[in-house]
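*Asks:* Any chance you could fold what I've pasted below:
(one chain, ligands or ions: 2)
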Amino acid sequence: MELQSEVPEKYIKKDKNGEPLDHPFPVMEISVIDLGVLRTSSNSRDELEKLRSALGSWGCFQAINHGMTPEFLDKMREVTKEFFELPMEQKQKYSKENNDFQGYSNFLVLSEQQKLGWSENLYLAIKPEEQCKLELWPEKPEVFRSILHEYSIKLQLITEVVLKAMASSLNLGDDRFLDQYGERAKMSAKFNIYPPCPRPDMVLGMKPHADGSAITLILQDKSTEGLQFLKDNQWFRAPVIPEALLINVGDQAEISSNGIFKSLAHRVVTNSEKERMSLVVFYIPELDKEIEPFEELVDESRPKLYKKVKNYPEFYLRHYQLGKRPIEAAKIET
Ligand SMILES: O=C(O)CCC(=O)C(=O)O
Ligand SMILES: [Fe+2]
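*Replies:* Ligands and ions are numbered 1, 2, ... in the order given. Next comes the predicted model:
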C-alpha cells in the first residue's frame, strides 16, 4: 500500500466514543503464564488459578516457556515480513479466490460497506493436513514452508497444553475441551502486515471484532505495538513481550465455558512511522461438533447462557455481516 498524506474514505473509521484512534490508551493488565509449570501436575495449582482468573477477566494471557526459542520466533517474524516485501505480482500468485478463505489478500473485505483495514494478509490452513493448500504456501522466502510446518507442529502441542489447563482450571477432566472440539479441529494461520499509515488517528489496521475461534495464539511484532482489547467500554493496549505468545479466548471457548472465559473484542491500530507484523493462529473446533456450555458449569446460580451452535464460522460470518457481535446471537434470551 502506498504511503500518501490523504487516505481513501473507505479506510476512515471513527471511534464510538469520539476519541482519535491513536489516543494513548492505558496498558492492560495481562498475566504471564508459564506453560512449563502448567505441564507438570504438581505445583501447577497456582498457575491454573492464574489462568482461570486471566481468562475470566481479560480473556487472554501471555504464554512463556512454550517450547519455542526467541531465535525461532524472530525467524518467524522475519520470514513474515520478507513475504510481504515481495513484489506485488509475486504475492498475487497466492491470491485468495472469491469462494475461499485461504490465500493472500490486500485487506479484509467481507462486504462492500465495511470499512477496510490497513493491512495485507495471508491466510493458510495448517491443520488437518488435507485442508492445507500447499500451492498457496509461498515458495519465497525459501524457508517459508519448512518454518511454517515447524511452527504448526509447535502450536499444536501448545494448544493441547493450554486446552487441558483451561479444563483443569475449571475443575473439569483434562480432555473436556479437546473432546468437545474434536480430534480433527482445524488450525489456520493468518499472517498480517500493517504498513505505516499517514492517519493513525482515523484508520485502523483491523476493525473491532472478537474471534470466532475457540482460542487464538498471536505472535506479535517485537517493536511495534498495535493490538488493543476492549474491556468495560474502554480500550487498552496489549503490551509486547518478545518471547511470549499472546493467547486469547474466542467465542467458542466462551460458549463452552458458559461465559466464565471471556472472548473480548479487540482491534489493531496503525502507526505513522513503523509497520507492524503479526502471526495469528486460530484453533477452530470441527464444524459438525455441537458446541454448548459444559453441563458441569450450569446450575441454578449459573444458568445456561448460550444455545447449542454448530459450524460457528458460518454462523459468525452471517451475523458479522449484519454488523452484530455474533456471540450475542448465540445467547439464550432471559
Ligand atoms: O494483529 C494482531 O495482533 C491481531 C489480529 C487479530 O485480532 C485477528 O487476526 O483476529
Ligand atoms: Fe482477532
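*Asks:* Find the residue at the geometric middle of this structure.
*Replies:* For the chain, Thr216 is the residue whose C-alpha lies nearest the centre (Cα atoms, centre = their mean; 4.0 Å).
*Asks:* Check the gap between that one and Asp251 for me.
*Replies:* According to Cβ to Cβ, to the nearest Å, Thr216 stands 10 Å off from Asp251. Using the backbone N, CA and C atoms, a C-beta is placed for each residue, glycine as well.
*Asks:* And the helices in the stretch 151-300 of the chain, which stretches?
*Replies:* Listed from the start of the chain, the stretch 151-300 of the chain has helices (DSSP state H, counting those that start in this stretch) covering 176-181, 251-256.
*Asks:* most neighbours per residue, which of those?
*Replies:* Ranked by mean neighbour count under mean count of other Cβ atoms under 10 Å, the helices of the stretch 151-300 of the chain are led by helix 251-256, which reaches a mean of 27.
*Asks:* from the middle of its chain, how far away would it be?
*Replies:* Helix 251-256 sits 14 Å away from the centroid of its parent chain (Cα atoms, centre = their mean, to the nearest Å).
*Asks:* what's that helix in contact with?
*Replies:* For helix 251-256, contacts defined as Cβ atoms under 8 Å, 6 or more residues apart in numbering pick out 55, 59, 166, 177, 180-181, 210-215, 261-263, 284-285, 291-294, 306, 309, 312, 316, 326-327, 330.
*Asks:* What's the local residue count around Asp232?
*Replies:* Around Asp232 there are 5 other residues, counting by other Cβ atoms under 10 Å.
*Asks:* On the three-state scheme, Asp100 is what?
*Replies:* coil (DSSP: H, G, I helix; E, B strand; the rest coil).
*Asks:* what's around it, how many residues?
*Replies:* 11.
*Asks:* Quickly note the distance from it to Gln131.
*Replies:* Counting by Cβ to Cβ, the gap from Asp100 to Gln131 is 11 Å.
*Asks:* Intersect the contacts of helix 251-256 with the contacts of ligand 1.
*Replies:* Asp211 (Cβ under 6 Å from any ligand atom).
*Asks:* Only the buried subset of the contacts of helix 251-256, as a PyMOL command please.
*Replies:* Typed into PyMOL, the line below selects the buried ones among the contacts of helix 251-256, using 16 or more other Cβ atoms under 10 Å:
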select buried, resi 55+59+166+177+180+181+210+211+212+213+214+215+261+262+263+284+285+291+292+293+294+306+309+312+316+326+327+330
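*Asks:* can you tell me which of the contacts of helix 251-256 are in strands?
*Replies:* 215, 284 (DSSP state E).
*Asks:* Need the nearest residue in space to the residue of the chain with the smallest separation from ligand 1, chain neighbours excluded.
*Replies:* Of all residues in the chain, the one sitting closest to ligand 1 is Ser278 (3.3 Å; Cβ to the nearest ligand atom). Spatially, and ignoring its direct neighbours in sequence, Ser278 is nearest to Asn192 (4.7 Å; Cβ to Cβ, 6 or more residues apart in numbering).
*Asks:* which ones are touching that neighbour?
*Replies:* 119-121, 205-206, 268, 277-280.
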